[in-house]
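Visitor: Got a predicted structure plus its sequence, pasted below:
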Amino acid sequence: MFLAGLYFDESCKMYKFPSSFSGRVCHHSGVAVVLLLLGTTGIFAAEAAAIEKEESWQILLMSGQRIGYSRSLIEPFERDGQILVRAAIETHMTIKRFGQVLRLATTLHTEETIDGDLLRFEFEMANPPAGATKTTGIISGDKLTLENEIAGKKVTSTKPWDTTVKSPIYQERILKQHPLQPGETKSFAAYLPEFSKVATIKIVADKMEPVTLLDDKTETALKVKVTQSAVPGMFTLGWIDSNGVTLKSSTSMLGTDMVTYTVSREEALKKIDTEELDLAVSTLIKVKPIPGLYDRKEITYRVHIPDQDPAEFLAVDDVQSVKKIDDHTVELTVVPLPIPPVSKTSDSPGPEFLQASEFLQVDDKNVQRHANAAAGKLTDPAQIAKAMERYVRDKLDKKNFSTALASAAEVAENLEGDCTEHAVLLAAMLRARHIPSRVAVGMVYVELDKQPSFGGHMWTEAFLNGKWVPLDGTLGRGGATAGHIKLGDASFSDENATPIGTFAPLMLAIGTMRIEVVE
């Protein structure tokens with residue numbers, strides 16, 4: 001779900017951004033922002049206390065530039081003599097990514113009781129040319145039945161349901177029905193379809209203060225802070241007028257602010273101009289050059305994040321170790337773990353790393369075909385992993401930057417995408433040959449126009465000889481380097497965190513993180 005477009009050019013031995021977009025490595029960051037903000041964009045839209053039909057519009061800005069809009073419609077209806085609430089929220093966002101444009105649209109439909117108890121929802125994300133993904137949920141008593149559709153394939157599952165959990169749009173009505181006073185706090189559990197999980201929503205009222213609106217006019221409004229447990233460390237500030245309308249909201253990520261204003265329909269639908277904002281370039285973390293990167297056996301970095309502890313974002317495993325310097329600074333040592341020449345018998349890390357899932361369709365015919373073509377007659381898992389890494393690098397020669405995170409089945413058919421697509425296809429291919437796999441999210445060293453930097457990246461890990469060994473299907477050089485800094489990993493299992501949850505730490509850290517290469 002991330003911006004992409006940096007490539008490795010073998011002729012000049014550096015990462016670069018050619019105008020032809022041909023090459024090897026990608027950089028990504030930021031498209032999942034819209035999903036993270038579905039629970040906060042328009043979070044305090046005006047809704048009548050008596051649940052009358054009402055429509056509201058917001059515009060979305062990042063770094064002061066308009067990137068999209070959101071529309072919400074909430075109305076009561078009657079079923080079997082009971083008054084219920086129906087809501088529809090749609091968000092449209094356009095972002096420039098290294099000269100190409102990504103367009104993302106999401107829709108959320110819900111049905112709930114007057115008290116906010118969720119009855120049914122439907123969440124869909126469209127990002128052409130990739131196929132739309134869709135999740136439908138129906139609550140019956142203490143059961144939630146989910147139907148997920150990805151790449152044209154539907155998967156149904158049933159999970160336990162806590163009847164005290166609220167609708168994802170309940171937070172849009174609660175402040176109108178039960179206004180907060182300065183110093184007050186409200187907290188409740190709500191189901192967030194974009195994360196496929198229940199999260200605790202906390203709303204804290206601060207004080208009345210002046211706020212400047214889109215037209216430069218100033219109004220006095222109640223300032224509130226909203227957090228959700230699905231993304232620890234992220235918060236949204238909102239300014240609410242006396243009628244319960246959120247005049248403005250702001251969420252910090254990627255080193256900038258995503259700002260929304262409640263506006264008229266005409267204002268919201270004005271044309272979006274993406275000529276100025278390029279999130280991929282703006283989130284690069286500049287560092288001094290690292291000569292001979294591929295020969296480095298070890299690199300130590302000093303990592304600093306203002307007002308936060310970097311240790312909360314950095315992974316610690318067989319490749320990375322962290323030493324605390326102060327509350328906002330750590331030393332990170334990266335020792336690359338090479339692909340072993342041969343595999344030895346070791347315990348499996350668990351079935352979730354071998355199973356097919358919604359995003360890693362191991363049993364897909366094209367995934368199986370590519371796995372067999374890459375492995376050939378090889379039988380040793382280590383050798384298969386190495387061959388598959390090269391195969392994915394060579395096969396995905398069509399770089400498509402208008403695609404958010406595609407599933408392995410889509411990538412296996414279209415053979416296009418960026419680092420995220422390389423990573424999911426390689427992970428699925430490994431599982432097709434019974435090699436445990438997972439995806440890793442973090443940053444990679446690049447040189448853009450001869451400017452050394454770290455940019456967001458995604459790669460794959462295979463479980464070999466009892467350790468998670470990093471593989472980079474975008475580079476295909478026989479594993480990751482000391483220029484890979486890992487923030488997190490995920491199995492992409494249907495039972496665990498969704499991909500968007502995996503990427504959240506990257507979006508929170510990359511805009512404000514500073515990295516110094518320590519000799």
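Guide: That came through, no problem. Numbers count the residues shown, from 1 in each chain.

Visitor: got the domain boundaries for this protein?
Guide: As given by automatic domain parsing, the domain ranges for the chain are 7-29+284-294+339-510, 33-268.

Visitor: can you tell me which residues contact Leu175?
Guide: Leu175 sits next to 44, 186, 203, 224, 240, 244 when contact means C-beta atoms under 8 Å, 6 or more residues apart in numbering. Glycine gets a C-beta too; all of them are placed from N, C-alpha and C.

Visitor: repeat for Glu267
Guide: Glu267 neighbours (C-beta under 8 Å, 6+ apart): 57, 59, 214.

Visitor: try 10 Å
Guide: Shown in contact with Glu267 (C-beta atoms under 10 Å, 6 or more residues apart in numbering): 57-59, 66, 69, 214-215, 261.

Visitor: Confirm it sits in a strand?
Guide: No: using DSSP: H, G, I helix; E, B strand; the rest coil, the assignment for Glu267 is helix, not a strand.

Visitor: Kindly state the pLDDT recorded for it?
Guide: Glu267 carries a pLDDT value of 93.

Visitor: again, but for Leu6
Guide: The model reports Leu6 with a pLDDT of 34.

Visitor: mean confidence score for stretch 346-361?
Guide: Per-residue pLDDT over stretch 346-361 has a mean of 90.

Visitor: and it, how far apart are its ends?
Guide: Chord length of stretch 346-361, first to last residue, is 25 Å (C-alpha to C-alpha, to the nearest Å).

Visitor: Quick check: buried residues in that stretch?
Guide: For stretch 346-361, the neighbour count (16 or more other C-beta atoms under 10 Å) marks 349, 352-361 as buried.

Visitor: out of those, which one sits closest to Pro128?
Guide: Checking the buried residues of stretch 346-361 against Pro128 with C-beta to C-beta, the nearest one is Phe359 at 18.3 Å.

Visitor: what about the closest one, which helix or strand?
Guide: Counting by DSSP states H and E, no helix or strand carries Phe359.

Visitor: for it, what are its contacts?
Guide: 133, 148, 150-151, 405-410, 424, 427-428, 439, 490, 492-494, 498-499.

Visitor: Can you check the distance spanned by stretch 146-165, start to finish?
Guide: 16 Å.

Visitor: related to what we said a few turns ago, widest-spaced pair of the contacts of Glu267?
Guide: So, the contacts of Glu267 by C-beta to C-beta: farthest apart are Tyr69 and Asp215, at 16.3 Å.

Visitor: what's the spacing between the residue located most distally from the centre of the chain and Gly141?
Guide: In the chain, Gly81 marks the outermost C-alpha relative to the chain mean, sitting 41.1 Å out by C-alpha atoms, centre = their mean. Separation of Gly81 from Gly141 (C-beta to C-beta, to the nearest Å): 19 Å.

Visitor: quick one: the residue lying closest to Arg296 once chain neighbours are set aside and Lys297, what's the gap?
Guide: Nearest non-adjacent residue to Arg296, counting by C-beta to C-beta, 6 or more residues apart in numbering: Ala482, 4.5 Å away. Using C-beta to C-beta, one obtains 7 Å as the distance from Ala482 to Lys297.

Visitor: His178 now?
Guide: As judged by C-beta to C-beta, His178 and Lys297 stand 60 Å apart.

Visitor: same question, Met388
Guide: 25 Å.

Visitor: More neighbours: which of those two?
Guide: Using other C-beta atoms under 10 Å, the more surrounded residue of Met388 and Lys297 is Met388, with 30 against 8.

Visitor: I am finished for the moment; much appreciated.
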